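Undergrad: sequence plus predicted model, see below.
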Amino acid sequence: MRRRRLRRGLDRAAAALAALMIAAGCSLLPQEEEALAPPLVQPKEEVFDVVEAKRGTIQTVLRGSATFTSSRSEPLYFRESGGRVLAVHVKQGDEVKAGQTVLELDVGDLELRIRLQRLNVERAQIQYEQARIDGLTGRDLRLREIDLERERISLEALEEQLEKSRLVAPFDGEVTYVAEIAPGDSVTAYRPLVTVSDPKQVRLTYVAASATDLLGVHPGMEAAVVYGGEMYRAEVVQAPSNAPLTTDKTEQERNSRTIVLELDNPPQDAGIGTGADFEIPLQRRENAIVIPRAGLRTYLGREYVQIADGERRKEVDVEVGLKTSTEVEIVRGLEEGARVILNN
C-alpha cells in the first residue's frame, strides 16, 4: 500500500514537472510579428504621343533612279530559222560602224560559188558583146542576151543568200545587247541576237518594282532630272497607258512597270547605262485634313485612328485619300483639331 502511494506521488510530480517545462519552453519562442499591409502604389498615368489634325497641302511625288538608254536602238535578227552560227564578232559595249558584220552563219562553200558565178556572168557578157560585134541579130542575139541574164540572176540569188547569212550594223553606234549564242548554235527566226544603239540619242528609262507605283503617271507629265549635280527638265513620253502593244507576256509585264522620260537638253556625257535621279509631281490636295502617317492604323483592311479623349483612347474609322511617305490625307471621319495618338 505504501509503495503504491509513493509511486502515485512520484508520477504526479513528474507530470507536473513536464507541464512546467513545456510552459517554460513556449515562453522562450519569439512572438510572431504582425504582417505589414502592402504599400499603396499610385497607378502611373498613361502618356500619349499626340498631334493635332490640321489642314494643309499634301502632294504625292514619284521619285526614283532611272537609267539612260538610247532612243534609237535596232535589234538585229534573221528572218528564217535553221541556220547555224559561224561566228559572233562583237560583244556588249563594242562600238561599231554602219555596215559592219556583227554575226554570221555558216554557209559552207557559198562564197566560192559566188566567185565562180561572177566568172560565168563575165563570160556571158563577153559572148553577148562579141555577138553584137559579129553582127548577130534576131534569135541568135537574143539567145546570147538570155544566157547573160540567166547568169546574172543566178549571181544575184547567191549574193542575196550570203547577205541573209550576216547581221550588219545599220548605223554607227554601240552594241547594247548580245544574246547568249555560240558558234554551232541553231538560230530561230525573228529572235533578236544583237542590238545596236546610238549613244548620242539618249533618254531615261525607269522600271518600278510594282505596276501600282505608276498608277498616277501619264504621258505628258513634267519631270525634274538631276544628273551630275545639274537639273534638267524632262517629259514622260511613255507610261503603261501608252506602252507598245505586244503579245509577249513578259514584255507586257515589263511595260506595265516602265516609264520613259525625254530630256529637253540631254547632258553630253550621259552614256548608255548611266543613272540619274528624277522626280515627277503627281496628285496635289490643298486645304485637306492631314495627319502624320504614324497616326494611321490598319487592321484586316480597316483603317482607323486613335483619339485622345481625356485620359482615354477612342478609336475612329476614317477614309483615307492621298498618302506620302510621311503624311496621310483624311477624307472622312476626322475633324480638324482632333488629338490623334501616334503609333509608338
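TA: On my side now, so go ahead.
Undergrad: quick one: low-confidence parts of the protein?
TA: Filtered on pLDDT under 70, the chain yields the residue ranges 1-47, 344.
Undergrad: same question for the spatially most central residue of the chain, what's its three-state structure.
TA: Residue closest to the average C-alpha location in the chain (C-alpha atoms, centre = their mean): Ala209, at 3.5 Å. Following DSSP: H, G, I helix; E, B strand; the rest coil, we place Ala209 in the coil state.
Undergrad: measure it to Met221 for me?
TA: In this view, Ala209 and Met221 are 20 Å apart by C-beta to C-beta, to the nearest Å. C-beta coordinates here come from the backbone N, C-alpha and C atoms, glycine included.
Undergrad: could you do Val90 as well?
TA: From Val90 to Met221 the distance is 37 Å (C-beta to C-beta).
Undergrad: also Ser210?
TA: Using C-beta to C-beta, one gets 19 Å for the distance from Ser210 to Met221.
Undergrad: then Ala157?
TA: Ala157 is 53 Å from Met221, by C-beta to C-beta.
Undergrad: so these two - more neighbours on which side?
TA: Met221 (18 against 12; other C-beta atoms under 10 Å).
Undergrad: and for that one, nearest residue in space, chain neighbours not counted?
TA: Val236 (4.5 Å; C-beta to C-beta, 6 or more residues apart in numbering).
Undergrad: just confirm the one you found contacts Val225, I think it does.
TA: No. Taking contacts as C-beta atoms under 8 Å, Val236 lies outside contact range of Val225: 11.5 Å.
Undergrad: which neighbours do those two share?
TA: Leu261 (C-beta atoms under 8 Å, 6 or more residues apart in numbering).
Undergrad: and the nearest residue to Pro199 once chain neighbours are set aside, which of the three is it?
TA: Nearest residue to Pro199, sequence neighbours excluded (C-beta to C-beta, 6+ apart): Glu174, at 4.9 Å. Secondary structure state of Glu174, per three-state DSSP, is strand.
Undergrad: for Gln283, what are phi and psi?
TA: Dihedral pair for Gln283: phi -80, psi 150, per degrees, to the nearest 10.
Undergrad: swap in Ile133?
TA: phi -70, psi -40.
Undergrad: that one: neighbour count?
TA: So Ile133, with other C-beta under 10 Å, has 8 neighbours.
Undergrad: now the one 10 residues further on
TA: Leu143: 14 surrounding residues under other C-beta under 10 Å.
Undergrad: what of Thr101?
TA: 14.
Undergrad: and it, what is it in contact with?
TA: His89, Arg166, Leu167, Val168 are the contacts of Thr101 under C-beta under 8 Å, 6+ apart.
Undergrad: bridged to it, which residues?
TA: Val168 (DSSP bridges).
Undergrad: mind listing what the residue nearest to Thr258 when sequence neighbours are not counted touches?
TA: Nearest residue to Thr258, sequence neighbours excluded (C-beta to C-beta, 6+ apart): Val207, at 5.1 Å. The contact partners of Val207, taken as C-beta under 8 Å, 6+ apart, are Arg254, Arg257, Thr258.
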